[in-house]
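>>> next input, structure requested:
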Amino acid sequence: MDNLQFWIYVILGVIYLFGRASKKKKEEERPSTRRQSTDSQPSGPKPLTFEELLKEITEAKMPEPEPEVTTKKRGYQEFEEETIPEYKSYDTIKEETYDEPKGYDFEKEETYKTFEKSRFEAFNRKSYEELQLEGALETPKVEFKKFKEFEKEENNSLARQVALDFEDNDKVKRAFIMAEILNRKY
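Below is the predicted model of the structure:
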């Protein structure tokens with residue numbers, strides 16, 4: 001029986017090797033036909049990738065201005081000096097204005113009236129610090145254990161007791177020793 005099994009493995013191995021050899025020959029023949037077909041085509045410039053095209057487009061749109069460099073002489077030394085861009089005054093810039101629809105009076109609206117009233121009252125109100133100094137503010141009452149009656153009571157179950165026992169290292173050691181004593185192998 002072992003002899004028959006050995007010969008079956010040998011035959012399968014030989015078939016496998018012949019299959020690999022024939023597959024290699026087919027692969028060697030295919031590239032040669034591909035090379036001939038590519039050689040007949042004219043070799044042009046390599047097509048650009050999307051990233052290269054995008055880079056060319058962005059560089060064409062935004063040319064980098066080079067700062068002007070002037071050379072000055074001070075005694076026997078030459079040094080380069082960059083030109084400083086001109087100072088722009090922001091005082092001359094006009095504020096943006098919004099065109100309102102004709103015939104619309106926003107001052108008649110209730111929200112505008114409320115806003116103006118609160119803005120006027122804000123200057124007359126005292127600050128928080130001033131109110132504290134005058135004693136007008138009461139100190140907040142702090143009550144501890146106010147919601148104690150709503151807390152859920154813990155159930156002393158066996159699983160909870162075991163979990164608490166595992167927190168103490170001495171109890172774990174004792175439990176291990178007791179387990180070894182009670183569960184003898186022999």
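>>> quick one: the helices in the chain?
2-40, 50-61, 110-124, 128-134, 158-167, 169-182 (DSSP state H).
>>> how near is the spatially most central residue of the chain to residue 58?
In the chain, the residue lying closest to the centroid (C-alpha atoms, centre = their mean) is residue 51, at 23.8 Å. Noted for residue 51: a distance of 11 Å to residue 58, by C-beta to C-beta, to the nearest Å. C-betas here are computed from N, CA, C, even on glycine.
>>> tell me how far the residue nearest to the centre of the chain lies from residue 60.
15 Å.
>>> could you do residue 171 as well?
For residue 171, the distance to residue 60 equals 78 Å [C-beta to C-beta].
>>> hang on, the earlier thing: now tabulate the helices of the chain in TSV and tack on distance to residue 144.
Compiled in TSV, the helices of the chain are given as follows (distance: least, C-beta to C-beta, whole Å):
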stretch	distance to residue 144
helix 2-40	82
helix 50-61	65
helix 110-124	37
helix 128-134	24
helix 158-167	26
helix 169-182	33
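>>> out of those helices, which gets nearest to residue 146?
Comparing the helices of the chain against residue 146 with C-beta to C-beta, the closest turns out to be helix 128-134 (25.2 Å).
>>> mean confidence score for that closest one?
The average pLDDT within helix 128-134 is 82.
>>> what does it rub up against?
126, 137 (C-beta atoms under 8 Å, 6 or more residues apart in numbering).
>>> ok so, going back, the helices of the chain: which one's closest to residue 89?
helix 50-61 (30.1 Å).
>>> gap between that closest one and the chain center?
Averaging C-alpha positions (C-alpha atoms, centre = their mean, to the nearest Å) puts helix 50-61 27 Å from its chain's average.
>>> do stretch 178-186 as well
55 Å.
>>> alpha carbons of it, as PDB, please.
Extracted in PDB, the C-alpha atoms of stretch 178-186 (Å, rounded to 0.1, in the frame of the first residue of the first chain):
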ATOM      1  CA  MET A 178      -6.900  26.700  49.000                       C
ATOM      2  CA  ALA A 179      -7.700  25.700  45.400                       C
ATOM      3  CA  GLU A 180      -4.500  23.600  45.200                       C
ATOM      4  CA  ILE A 181      -5.300  21.900  48.400                       C
ATOM      5  CA  LEU A 182      -8.900  21.100  47.600                       C
ATOM      6  CA  ASN A 183      -8.400  20.100  43.900                       C
ATOM      7  CA  ARG A 184      -5.600  17.600  44.200                       C
ATOM      8  CA  LYS A 185      -4.600  15.900  41.000                       C
ATOM      9  CA  TYR A 186      -3.600  12.600  42.600                       C
END
